[in-house]
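Chemist: sequence first, predicted coordinates after that:
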Amino acid sequence: MPARDCAPTAPGRPLLGARVDADGTRFRVWAPTARQVHVVDAGPGKPGQRWPLAPEPDGHFSGTVPEIGPGMLYRYQIDDGEPLPDPCSSFQPDGPHGPSRVVDHAAYTWRDDGWPGVPLSGQVIYELHVGTLTPEGTLDAAIARLPDLRELGVTLLELMPLAECAGRWNWGYDGVGLYAPYHVYGDPDALKRFVDAAHALGLGVMLDVVYNHLGPDGNYLRAFSPHYFTARYPNEWGDAFNFDGPDSQPVRDHVIGSACHWIAQYHLDGLRLDATQSMHDASPVHIVTELAAQAREAAGARQILLVAENEPQHTCLVRPRSAGGHGLDAMWNDDFHHSARVALTGRHEGYFHDHRGRAQEFVSALRHGFLFQGQHYAWQNQPRGTPTGDVPAAAFVHFLQNHDQVANTFYGQRLHELTSPGRLRALTALTLLGPQTPMLFMGQEFAASAPFTFFADHKPELAAKVFEGRRAFVAQFKPYATPAAQAALLDPADEATFLRCKLDWAERRHHAPVLALHQDVLRLRREDPVIAAQDRTMLDGAVLSEHAFVMRWRGGSLGERLLAVNLGDELDFRPGPEPLLAPPENSTWELTWSSDDPAYGGPGAVHPGEDNKGWMLPGESAVLLRAVPCPASNGEPR
C-alpha cells in the first residue's frame with residue numbers, strides 16, 4: 001500500500017488546505033463563525049482577485065479554483081476581514097505572516113522506491129538542528145553531511161521541529177504552520193531532497209513535532225475559529241489545543257492531518273511527539289492514540305517509528321492499544337540522562353535533585369528502563385513514573401545530551417567541557433552498548449566546541465518577554481539564579497547567540513580520537529550479536545562500589561559479555577565476591593574493547609582481571625570482555 005495522506009475523521013472526507021487536481025486547486029478551510037470565505041490571489045498577476053468557497057454544514061468552506069495552480073500565492077478572506085494565510089498551508093515563502101503558496105506534492109519525483117521504513121530494533125538516533133548543522137543552515141547544505149553520519153554509524157536522523165515560525169532563527173518549538181517547512185531552511189522540495197538523499201544512504205529520517213501548543217507570533221487559527229484552543233488545562237508554553245471540548249473534532253483533524261501530511265508527503269520515517277503530557281484529552285480515544293493509528297495508515301507499507309517525550313514517564317504511551325496503551329514505539333528516558341549528568345558533573349541542582357549518579361542507578365536503568373516507576377519524587381513532591389513491566393529495552397531512548405539538556409547549561413556547554421575525558425568515554429560506552437535505543441546530539445561524536453544555547457528571533461517586545469522567561473526557567477538551578485548569572489545569560493534574540501551554535505565540521509579531524517571512539521563502539525553494537533539483540537532479559541548487573549558496576553549479557557549459544565564500568569578512582573576489588581565476575585565454566589574473559597585505548601586519548605588498555613587473582617578496575621574507564629573457551633583441559637572441569 002503506498003503512502004498517502006489520511007482522512008482523520010470519516011473515510012473519504014476531503015482534506016484541509018490547498019490540493020492540486022486536474023481541475024485546478026481545491027481549497028478547504030474550517031471557519032465555523034464565518035458568513036463567507038474567499039480565496040484571494042496574493043501573487044503579482046491579479047492581486048486581490050477573489051473566488052468564493054461554498055459553505056458545508058459543519059462549518060467548513062470548500063471549492064475548486066481553476067485559475068489557481070502550483071506555485072501561485074493565495075490567502076483566505078473571512079467575511080470582510082484582512083486576507084490571512086492558510087492554516088494548513090504547505091509553504092510560506094515569506095514567513096508565517098505572508099501569503100501561502102500552492103504546492104503540488106505529486107510533482108516531485110521520488111527516488112526511494114522500495115524504502116521499507118525503519119523498525120524499532122537496531123536504531124541509533126542522531127538529533128540535529130538544521131539551522132546550526134552547517135554554516136548555510138539549509139536542508140540542501142545538510143545533505144553534504146549525510147555521508148559523515150552514515151560513516152559514524154547512526155541509522156535514524158531526528159530533525160528538530162521544522163514547522164513554519166516567525167523570525168530568522170528558532171529552535172522550532174515556536175511553530176505556527178503545522179503543515180509547512182520553515183522557509184529559512186528551504187522549500188518543500190528541499191525537505192524531500194534531504195529525505196531522498198538520506199534514504200539513498202540507508203539513513204531514516206524522523207521529525208520532532210509540537211502538538212501541545214503553537215508559537216506566540218504568526219498564529220492565525222483564532223481568526224478562523226474560536227474553538228482551536230482551550231483554557232481548561234494548564235500549559236506552560238501557551239494555550240492548549242482543544243482536543244476534547246465543544247467543536248473539537250476539526251481541531252483533532254487539523255493536528256492529526258499535520259502528522260499524516262509529514263509522513264505521507266515527505267516520506268518521513270517517524271515522528272517524535274514533544275511534551276505529550278501537555279496534549280490534554282479526556283475523549284474516549286486519546287488524541288495520541290488516534291494520531292498514531294492515522295499516521296501509520298498514512299505511511300502505507302512503510303514502517304514508521306513514533307516516539308514520545310513524556311516528563312511524567314507514563315509507559316502506557318508505548319503499550320499497544322489492545323492493552324490499553326496509546327500504541328507508540330518508544331519514549332525518551334530522562335532518568336538515565338539525569339543520573340549520567342550528575343555522575344559526570346557531581347551537581348544535582350534543579351530537576352536533577354532526585355538523581356545521584358551512583359552505580360545502582362545505571363544498573364537499574366539498563367535492566368528496567370525508568371528509575372522512577374511510581375516512587376515519591378521529591379523535586380515535584382509527588383509520585384513519578386509508572387511500571388515498565390515487559391516493555392522492550394529498545395522502547396527507551398537513552399542519551400547523554402540532547403537539545404534541551406545542552407542548552408540548559410549556562411552557556412550551552414557540552415558535556416566534554418563539564419567533566420573528565422575518562423568518565424565521559426566510559427559513560428559513552430555504556431550508553432551506546434546498552435540494550436536501549438541510543439541517541440546522540442549533533443556534534444557530540446566529535447566533541448564539538450560549538451555550544452548549543454536557546455535562541456529565538458522575535459520582534460523586540462516579544463523577544464524581551466521570551467528572554468525574561470528564559471531567565472526565570474534557568475533560575476531553578478541555584479547558581480544560575482544569582483544576579484551575576486542572570487545578567488550574563490545570553491540573549492536568545494541576539495544573532496550572535498544563534499551563530500555561535502553552528503558546528504565546525506573540521507573538528508571531526510581535529511578531534512579524531514573522540515570520533516573514533518563513537519565509530520568503534522557503534523560498530524561493536526552493530527556487529528556483536530549478543531549486544532545487537534537489545535534484550536534486557538539477557539542482562540544482569542552488579543554494583544561493585546558507589547561508582548563502579550558490571551553488566552553481564554548471557555547470550556546462550558551466542559556467548560556471554562561483561563561490561564565493567566568505573567566512574568571513580570581505581571578500584572581494588574580483591575577479594576572479588578561477586579558471581580557476575582566469574583566467567584562461564586571452562587571459559588575465560590578476553591578483553592574486547594577498552595575506553596582507555598590510546599586511540600581514544602586513553603592511557604592504555606588493561607584487562608582488569610587478567611592475573612586471575614582478583615579485579616583491579618582502572619579509574620574512570622570502561623572495558624568490554626567476551627567469554628572464550630579455555631585451552632583444552634582433557635575433559636577435566638576447570
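Modeler: Received it, and whenever you're ready, just let me know what you need.
Chemist: going forward, measure contacts between C-alpha atoms and count neighbours the same way
Modeler: Will do.
Chemist: okay, now the unreliable bits of the chain?
Modeler: Low-confidence segments of the chain, defined by pLDDT under 70, span residues 1-14, 632-638.
Chemist: in it, which helix has the most residues?
Modeler: Taking DSSP state H as the criterion, the chain has its longest helix at helix 249-266.
Chemist: which strands and helices sit next to that one?
Modeler: strand 177-181, helix 188-200, helix 287-299 (3 or more CA pairs under 8 Å, 6 or more residues apart in numbering; DSSP states H and E).
Chemist: need the residues that contact the first one.
Modeler: When you say that, I think you mean strand 177-181. Contacts with strand 177-181, where a contact means CA atoms under 8 Å, 6 or more residues apart in numbering, come from 87-92, 96, 162-165, 187-188, 191, 219, 255, 258, 261-262.
Chemist: partner strands of that strand, with direction?
Modeler: Using DSSP bridges, strand 177-181 pairs in its sheet with strand 163-164 (antiparallel).
Chemist: the strand it pairs with: how far from the chain's middle?
Modeler: What separates the centre of strand 163-164 from the centre of its chain is 16 Å, taken as CA atoms, centre = their mean, to the nearest Å.
Chemist: just stretch 43-60 next, same as before
Modeler: The chain centroid and the centroid of stretch 43-60 are separated by 38 Å under CA atoms, centre = their mean.
Chemist: list the buried ones in it?
Modeler: Under the neighbour-count criterion of 16 or more other CA atoms under 10 Å, stretch 43-60 has G43, R50, W51, P52, L53, P55, G59, H60 buried.
Chemist: and of those residues, the nearest to T409?
Modeler: G43 (45.6 Å; CA to CA).
Chemist: show me the contacts for that closest one.
Modeler: G43 makes contacts with M72, L73, Y74, as judged by CA under 8 Å, 6+ apart.
Chemist: helices - which of those residues land there?
Modeler: Reading helices off the contacts of G43, I find no matches (DSSP H).
Chemist: contacting residues around T25?
Modeler: Contact analysis of T25 by CA under 8 Å, 6+ apart lists A18, R19, T64, V65, P66, I68, G69, P70, V102.
Chemist: thinking again about what came up before, redo the buried residues of stretch 43-60 as CSV? Include distance to L562.
Modeler: Shown next, in CSV, are these (distance: CA to CA, whole Å):
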residue, distance to L562
G43, 66
R50, 71
W51, 71
P52, 71
L53, 68
P55, 68
G59, 63
H60, 62
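Chemist: identify the residue spatially nearest to W615, adjacent ones excluded.
Modeler: Closest residue to W615 apart from its sequence neighbours, by CA to CA, 6 or more residues apart in numbering: G609 at 4.5 Å.
Chemist: sorry, that was for P529
Modeler: Closest residue in space to P529, ignoring its immediate chain neighbours: L558 at 6.9 Å, by CA to CA, 6+ apart.
Chemist: coming back round to it: ok, the contacts of G43 vs T386, which is closest?
Modeler: Closest approach between those and T386, by CA to CA: Y74, at 48.5 Å.
Chemist: most widely separated two among the buried residues of stretch 43-60?
Modeler: Taking CA to CA, the two most distant members of the buried residues of stretch 43-60 are G43 and G59; they sit 27.5 Å apart.
Chemist: quick one: the longest helix of the chain to chain centroid distance?
Modeler: Distance of helix 249-266 from the chain centroid (CA atoms, centre = their mean) equals 19 Å.
Chemist: just checking, the residue nearest to W615 touches V623?
Modeler: No - taking contacts as CA atoms under 8 Å, G609 lies outside contact range of V623: 10.8 Å.
Chemist: who's more crowded, those two?
Modeler: Legend: neighbour count by other CA atoms under 10 Å for G609 and V623, higher for V623 (26 against 18).
Chemist: contacting residues for G172?
Modeler: M160, P161, L162, A163, E164, C165.
Chemist: which PyMOL command selects the buried ones in those?
Modeler: Burial among the contacts of G172 is assessed by 16+ other CA under 10 Å; the matching PyMOL selection reads:
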select buried, resi 160+161+162+163+164+165
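Chemist: from the contacts of G172, which single one is nearest R423?
Modeler: For the contacts of G172, the nearest to R423 is M160 (28.2 Å; CA to CA).
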